[in-house]
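> Return a 3D structure for these sequence lines:
(one chain, ligands or ions: 1)
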Amino acid sequence: MRALVFLSTLLGLSYSVISNRNSRRLCFYGWTQFEQDCYKAYKMRAQFMEAENKCNEVGAHLTSIHSVEENDFLREFTRTGNVQENKWDNNVWIGFFFEKQSGTWKWLDGSPTDYTNWATGEPNFMEYDSEGQASMMPDSSFNEKNNWYNPDGGEWNNLHDMPLRGFICKQKKSSIHILI
Ligand SMILES: [Ca+2]
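Now for the predicted structure:
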């Protein structure tokens, strides 16, 4: 009987996935869905390109961000609740980088640059050609002069590529998969 219940549940789930395959998708275990895409936050620390490679291994890229809603979702997804004072360890890599050839900021997943949320004064140090990668600061923070700098959290800061940071991978809807 238990097996029968399990089988009918499985069939029902299969049906619901297949019947909705054009309008909805499920994410792999450990991934969180927001609208049509799936996200995973990694607490392990990595340099920018190491983080991107880690995302590539699971069919994803460092996340792109295209709306305040998506940015808010990712802020809540990764914030720790610790207000930061001149410490940036909680920042997470996002897939935004400065392409020298075109002189513009681009997303690693190839999607258009249609939204940014730089903190006041960012991106900075571009003249030294060193801070060509972007991170999000999910927790509120203030700057060296003790002025609030990222008061609500979720603003972006450009960094050079060396710091070890957590990161967010995004599987886009174009890589649709069915779990069953
Ligand atoms: Ca910066």
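
> What mean pLDDT does the longest strand anywhere in the chain get?
Ranked by residue count and defined by DSSP state E, the top strand of the chain is strand 37-46. Strand 37-46 shows an average pLDDT of 94 in the prediction.

> same question, stretch 168-178
On average, stretch 168-178 scores 74.

> Stretch 118-128 now?
87.

> Who are the packing partners of the longest strand of the chain?
Judged by 3 or more Cβ pairs under 8 Å, 6 or more residues apart in numbering; DSSP states H and E, the packing partners of strand 37-46 are strand 32-34, helix 48-57, helix 68-78, strand 165-171. C-beta here means a position set from N, CA and C on the backbone, and glycine is covered the same way.

> on contacts alone, who are the packing partners of the third one?
Same thing as helix 68-78. On a contact count with 3+ Cβ pairs under 8 Å, 6+ apart, helix 68-78 meets strand 32-34, strand 37-46, strand 133-137, strand 165-171.

> Show me which residues of this protein sit near the ion.
124, 157-158 (Cβ under 5 Å from the ion).

> Dump those into JSON lines; add secondary structure and neighbour count as well.
Output for those, formatted as JSON lines (DSSP: H, G, I helix; E, B strand; the rest coil; neighbours: other Cβ atoms under 10 Å):
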{"residue": "124", "secondary structure": "coil", "neighbour count": "12"}
{"residue": "157", "secondary structure": "strand", "neighbour count": "21"}
{"residue": "158", "secondary structure": "strand", "neighbour count": "21"}
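
> coming back round to it: just the helices and strands packed on strand 37-46: most buried one?
Ranked by mean neighbour count under mean count of other Cβ atoms under 10 Å, the helices and strands packed on strand 37-46 are led by strand 165-171, which reaches a mean of 25.

> For residue 106, see how far away residue 56 is.
From residue 56 across to residue 106, the span is 16 Å (Cβ to Cβ, to the nearest Å).

> same question, residue 113
Applying Cβ to Cβ to residue 113 and residue 106 gives a distance of 6 Å.

> And residue 64, by the same measure?
Taking Cβ to Cβ, one finds residue 64 at 9 Å from residue 106.

> who has more neighbours, those two?
residue 64 (23 against 17; other Cβ atoms under 10 Å).

> hang on, isn't that one packed against residue 107?
Yes: assessed by Cβ atoms under 8 Å, residue 64 is found in contact with residue 107 at 4.0 Å.

> which residues are in contact with both of the two?
Taking Cβ atoms under 8 Å, 6 or more residues apart in numbering as the criterion, residue 64 and residue 107 both touch 95-96.

> Could you list the low-pLDDT ranges of the chain?
For the chain, applying pLDDT under 70 flags the ranges 1-25, 83-88, 129, 144, 146, 174-180.

> Kindly recompute the last result at 50.
1, 3-23, 86, 176, 178-180 (pLDDT under 50).

> shared neighbours, residue 64 and residue 106?
Counting by Cβ under 8 Å, 6+ apart, the residues touching both residue 64 and residue 106 are residue 96.
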